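Peer 1: please work out how this folds:
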Amino acid sequence: MTYQEDFTLPTELLSLIAANGFDAVPELIRIVINTAMQTERQRYLRAAPYQRTPERLDYANGYKPKTVKTRLGEITFDVPQVRESGFYPEALEKGLRSERALVMTLAEMYIQGVSTRKVTTILERLCGTSVSATQVSKAIALLDESLEAWRQRPLCECPYVTLDARYEKVRQDGQVRDAAVLIATGIDLQGKRHLLGVSVSLGEHEIHWRNFLESLVSRGLRGVQLITSDDHPGLNAARVAVFGGVTWQRCQFHLQQNASAYVPRRAMLSDVAADIRAIFNAPDRSSAEIFLEKTVAKYEKTASKLARWMEENIPEGLAVFAFPAAHRRLIRTTNGLERVSREVRRRTRVVGIFPNEAACLRLVSAILMEIDDAWQTGRIYLTFEREEPLQKPK
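Peer 2: Sure thing, here's the model as predicted:
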């Protein structure tokens, strides 16, 4: 056997391993990732520390601590900062993604009814080490515990809240039924988006919506000034019961889709769509109401049902004009939440039919938790001006 004299690990790391054995692994990971991030920053800046060069793009600006939950416990990394540009090290993000991927894999296998023995085999390939059935069962219990903790976490002040529902197939008493998945998002005063909560139940009835909205309030949701949603059955009654004094914005995108059902001839569809867009894109509410009045008059004779529908329903999509113009595009529809729903659907499609409501809630919660984590570390969604009141007086 050849004796190796040249080790690639630095002496301080070897000393750490020699002194602490496997207990040193978290600290080793911290050191390695920190070093990788520092290298990334140096490459990004195109200059070494204190180096004067015309190729330099920006300047280093210290470090910001970030604590990450990993399979080895919580590890606090020193994330390198730069002065002006939006640099974020890939070394840390890739590590986070791999942790999320493992949690998601475990969740997906669990909800599909895969036996713990089979889960063990797959986890061995993922982790590169043997894992017992008992360990898998404990991991599943910890997963459920962490997802429940996320669903029950305290909430903050969110002036803007968006609500929507989607459906998943769930088996109950030998029958396949549609379970309503209620999802709420919010934007806080720092302009960050939050996935506020999720609930799964067979039916989108008022009692389900009411219980869901009351749970958000009990967890600390406050300061809501605008709720954006579609005209879901049961939602309106629950919204009025729980948030009676809060302005409601009916989703403009869904309103435009709903209007097509009242257009008598296909040839009119493009004109009707353009007229509704003109109303929604008006500079202020007064202009929007004038456009609406003219549009109703335009279709009174050629499409009387459409004209009546517009007169009764379009005003529900104009509440957004009471809020800052810079915010309107992001709060006038449920499109942001629809994109979240599409991602949920993409991930749940592989399941097909869930064995029960709890299994559905487990996987959907894991997906939403991952999206929420990305939002918290991402950029600001919109900016609030604190000098003026958010909502204009009527």
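Peer 1: rest of the way, CA atoms for contacts and neighbours
Peer 2: Fine.
Peer 1: and Leu143, how many residues sit next to it?
Peer 2: 18 (other CA atoms under 10 Å).
Peer 1: just the element for it, please.
Peer 2: Using DSSP states H and E, Leu143 sits within helix 133-151.
Peer 1: which residues sit against the helix or strand just after that helix?
Peer 2: Note on helix 133-151: by DSSP H and E, the next helix or strand toward the C-terminus is strand 160-172. Contact with strand 160-172 is made by 176-188, 204, 224-230, 331, 334, 337-338, 341, 352-357, 360, as judged by CA atoms under 8 Å, 6 or more residues apart in numbering.
Peer 1: partner strands of strand 160-172, with direction?
Peer 2: strand 175-187 (antiparallel), strand 226-229 (parallel), strand 353-354 (parallel) (DSSP bridges).
Peer 1: how far does the last one sit from the chain's center?
Peer 2: Relative to the mean C-alpha coordinate of its chain, strand 353-354 is positioned 23 Å out (CA atoms, centre = their mean, to the nearest Å).
Peer 1: again, but for the first one
Peer 2: Remark: strand 175-187 is offset 14 Å from the chain centroid, using CA atoms, centre = their mean.
Peer 1: check which residues of that strand are buried.
Peer 2: Neighbour counts over strand 175-187 (16 or more other CA atoms under 10 Å) mark 177-187 as buried.
Peer 1: next: stretch 154-163.
Peer 2: Residues 155-156, 158-163 are the ones in stretch 154-163 that count as buried (16+ other CA under 10 Å).
Peer 1: tell me the one of the residues you listed nearest Ala237?
Peer 2: Leu163 (13.5 Å; CA to CA).
Peer 1: show me where pLDDT drops low in this structure?
Peer 2: In the prediction, the chain carries residues with pLDDT under 70 at positions 1-14, 16-18, 20-24, 69-72, 85-86, 93-116, 118-140, 203-204, 386-394.
Peer 1: break it down into its structural domains.
Peer 2: The record, using automatic domain parsing to delimit domains, assigns the chain the ranges 14-88, 92-151, 156-377.
Peer 1: mind putting these into CSV with distance to Phe384?
Peer 2: Conversion of the domains of the chain to CSV gives the following (distance: least, CA to CA, whole Å):
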stretch, distance to Phe384
domain 14-88, 20
domain 92-151, 27
domain 156-377, 7
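Peer 1: the ones you listed: which one's closest to Glu385?
Peer 2: Relative to Glu385, the nearest member of the domains of the chain by CA to CA is domain 156-377, separated by 9.1 Å.
Peer 1: just the terminal-to-terminal distance for the closest one.
Peer 2: 17 Å (CA to CA, to the nearest Å).
Peer 1: for the closest residue to Leu213 other than its chain neighbours, give me its contacts.
Peer 2: Distance criterion CA to CA, 6 or more residues apart in numbering; nearest residue to Leu213, sequence neighbours excluded, is Val242 at 6.7 Å. Residues counted as contacts of Val242 (CA under 8 Å, 6+ apart) are 210, 213-214.
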